[in-house]
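Asks: Can you look at this prediction? I've put the sequence above it.
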Amino acid sequence: MKKLVFFIFVIICSAAFAEVQTYSVPADISSGNSFIYPSKEYKVKLFQDQIFQPFVYTMSAMHSTNVSKTTGWINFSFSGKVKVQVTKVNGTIVFCQILPKNKNIKVEIKGNVAEFELSEAGHYSVEFQQGIVIDHPLLLFANPLETDVPSKNDPNTIFFGDGIHEIGDKYLIPSHKQVYISGGAYIKGQFYAENGENISMSGRGIISGENYPARTANHMLVFKNVNNVKLEGITIIHAPRYMISVSGQKTDINNVKMLGWWFSTDGISAGENSVIENCFFKVNDDAIKLYSSHTIARKNVIWQMENGAPFMISWNGTKDFGNCQVIDNDIIRVEHSWDNENLAVICAVHGGKARISHFLFEDLRIDNSDWRVFHVITKPNRWGKWDPEQGSIADMTFKNISYTGTQKIKSLIMGHDKNHLVSNFTFKNLTFGNKKVKNLSEILIIDGDTTQDIRLRND
């Protein structure tokens, strides 16, 4: 009897703490809006103790090389478990999968409806096509419930409530301020801070750079020489350049979603002692730039578009750096299709004088890709100031990396000359095409004249 009472108590408590939150949508986000509009491809319902119908945002491709025709997404927050029902408006469903694959989400198909359950916050892709090219992606931004939402009357808070806000291209954030962007807020413009400290930005709203043509204006969020920056929960779209650029110490970026179309729409470049975690990237240049010492990138989901690398180590580093960790990330798709030097999952085209060392890449899962995984080289390039005496990459470990495809171009490890070596790389437990790599020559070209101590260890 006591066990039965306890079981009922657990069920009641679980139900009491389960919750779903969806958000209002400004009236201007309509079918006549060329930048963002309601989906013509999908409808979504969420089921918990009641039925919720989140808005399905959609953007159209902006560049001639973009592979997808549109990208759609929903944005909600929840706890407990939630059943998701996706209706494909045009035609029946013959195939459906939910990425990342390692979440092992089972889908039930009923005509033009797919149903599945989510039990943890995260970023998911609902796919009705197989392969690298997805015409109309549908993304689920399933956030955890917000905590510590500030009052709009708090003098230390810059509060953007529901609706559209035009802020211009350099909205200044003072030190010791929190910017809060509510789930129904849509901000057009860019934020900026300089020579400051203790700045945070949170919420579930959207920041759009739609007012700026490609490669004009600035990055979407710029924190120049700002220490202790915290960013959480927001979505950034239509960036003309980087999504987030931080120089300064100690940046914490958590659960930020980034969607871009143009070349140069890099994801995040952060300063020393930074943590980038639980973020989503669908960008058309480098997703995460590992340019600063003691950077940690973990539990991110990356959809790499046709340009750039999910993890870029260096183009032009001039100051020695290292001790970075990239752990437990899902690269769910890589759209690379031409032989450019910046197209690889893990990439360095190091043309500066920095001595780069001590990186760990561990537990990476790469799906839906047929391009190279590694392209780590030193060479002069147009972005760097070449030093004929120094500039090297050393002491890197690549462990527990799975790649489900077949590389059309082999990976490459190569220095430029004896003064610019690539050395002391250890590869452990690599799986390519569902087969364990037994010899690096199976997947890599290693230049013997300009590298040292490149090894595979299968313990």
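Replies: Noted; the coordinates are in hand. On a predicted model such as this, the values are computed, not experimentally measured, just so you know.
Asks: Which residue ranges of this protein form helices?
Replies: Per DSSP state H, the chain carries helices over the ranges 2-17.
Asks: Least confident secondary structure element in it?
Replies: helix 2-17 (a mean of 45; mean pLDDT, DSSP states H and E).
Asks: Spatially central residue for the chain, please.
Replies: Closest to where the C-alpha atoms of the chain average out (Cα atoms, centre = their mean) is residue 281, at 2.5 Å.
Asks: show me what contacts the closest residue to residue 31 other than its chain neighbours?
Replies: In this structure, residue 31 finds its nearest non-sequential neighbour in residue 37, 5.4 Å apart by Cβ to Cβ, 6 or more residues apart in numbering. Bear in mind the C-beta positions are built from the backbone N, C-alpha and C, glycine included. Counting by Cβ atoms under 8 Å, 6 or more residues apart in numbering, residue 37 makes contact with 29, 30, 31, 57, 58.
Asks: As JSON lines, those with distance to residue 361 would be great.
Replies: Formatted as JSON lines, these follow (distance: Cβ to Cβ, whole Å):
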{"residue": "29", "distance to residue 361": "39"}
{"residue": "30", "distance to residue 361": "44"}
{"residue": "31", "distance to residue 361": "44"}
{"residue": "57", "distance to residue 361": "33"}
{"residue": "58", "distance to residue 361": "34"}
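Asks: Any of those buried? List them.
Replies: Using 16 or more other Cβ atoms under 10 Å as the burial test, the contacts of residue 37 include 29, 57, 58 as buried.
Asks: quick one: low-confidence ranges for the stretch 151-300 of the chain?
Replies: The stretch 151-300 of the chain contains no residues with pLDDT under 70.
Asks: these two touch, right, residue 46 and residue 76?
Replies: Yes - Residue 46 lies in contact with residue 76 (Cβ atoms under 8 Å); the separation is 6.5 Å.
Asks: got any residues that touch both of these two?
Replies: Here residue 46 and residue 76 have 20, 22, 52, 54 as joint contacts, going by Cβ under 8 Å, 6+ apart.
Asks: which among these gets closest to residue 147?
Replies: Of all those, residue 147 sits closest to residue 20, with 16.0 Å by Cβ to Cβ.
Asks: count of neighbours near the closest one?
Replies: Number of residues near residue 20 (other Cβ atoms under 10 Å) recorded here: 20.
Asks: And for residue 360?
Replies: With other Cβ under 10 Å as criterion, residue 360 counts 16.
Asks: Next: residue 161.
Replies: Residue 161 has 13 nearby residues by other Cβ under 10 Å.
Asks: surely it meets residue 153?
Replies: No - if you go by Cβ under 8 Å, residue 161 and residue 153 don't touch, sitting 11.9 Å apart.
Asks: quick revisit: dig out what the residue nearest to the centre of the chain forms beta bridges with.
Replies: residue 258, residue 302 (DSSP bridges).
Asks: ok, it - contacts?
Replies: So residue 281 contacts 258, 267, 287, 288, 300, 301, 302, 303, 304, 310 (Cβ under 8 Å, 6+ apart).
Asks: List buried residues within the residues you listed.
Replies: Among the contacts of residue 281, the ones that count as buried by 16+ other Cβ under 10 Å are 258, 267, 287, 288, 300, 301, 302, 303, 304, 310.
Asks: Could you list the residues in contact with stretch 166-182?
Replies: By Cβ under 8 Å, 6+ apart, stretch 166-182 touches 23, 149-150, 152, 154, 156-162, 187-193, 196-207, 211-212, 217-218, 226, 234.
Asks: Between its first and last residues, how far does that stretch reach?
Replies: End-to-end distance of stretch 166-182: 15 Å, with Cα to Cα, to the nearest Å as the criterion.
Asks: pretty sure residue 319 contacts residue 354?
Replies: Yes - using Cβ under 8 Å, residue 319 is in contact with residue 354, at 5.7 Å.
Asks: Give me the more crowded residue out of those two.
Replies: Each of residue 319 and residue 354 has its neighbours counted (other Cβ under 10 Å); residue 354 has more, 22 against 12.
Asks: How about that one, nearest residue that isn't a chain neighbour?
Replies: Nearest to residue 354 is residue 317, by Cβ to Cβ, 6+ apart, at 3.5 Å.
Asks: quick check: domain ranges of the protein?
Replies: Domain segmentation of the chain under automatic domain parsing yields 20-144, 157-457.
Asks: deepest of those, which one?
Replies: domain 157-457 (a mean of 20; mean count of other Cβ atoms under 10 Å).
Asks: Export stretch 101-118 to CSV, keeping only CA atoms.
Replies: Output in CSV follows, covering the C-alpha atoms of stretch 101-118 (Å, rounded to 0.1, in the frame of the first residue of the first chain):
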residue,chain,number,x,y,z
LYS,A,101,20.6,10.6,-34.1
ASN,A,102,22.1,9.8,-30.8
LYS,A,103,18.9,11.0,-29.1
ASN,A,104,17.2,7.9,-30.5
ILE,A,105,13.8,9.5,-30.9
LYS,A,106,11.3,7.2,-32.3
VAL,A,107,8.7,8.5,-34.8
GLU,A,108,5.3,7.3,-35.6
ILE,A,109,4.0,8.2,-39.1
LYS,A,110,0.3,8.5,-39.9
GLY,A,111,-0.3,9.7,-43.4
ASN,A,112,0.9,13.3,-43.5
VAL,A,113,1.5,13.5,-39.7
ALA,A,114,4.6,12.5,-37.7
GLU,A,115,4.4,12.1,-33.9
PHE,A,116,7.2,11.7,-31.4
GLU,A,117,8.0,12.6,-27.8
LEU,A,118,10.6,14.9,-26.3
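Asks: average pLDDT for stretch 442-455?
Replies: Across stretch 442-455, the average pLDDT comes to 98.
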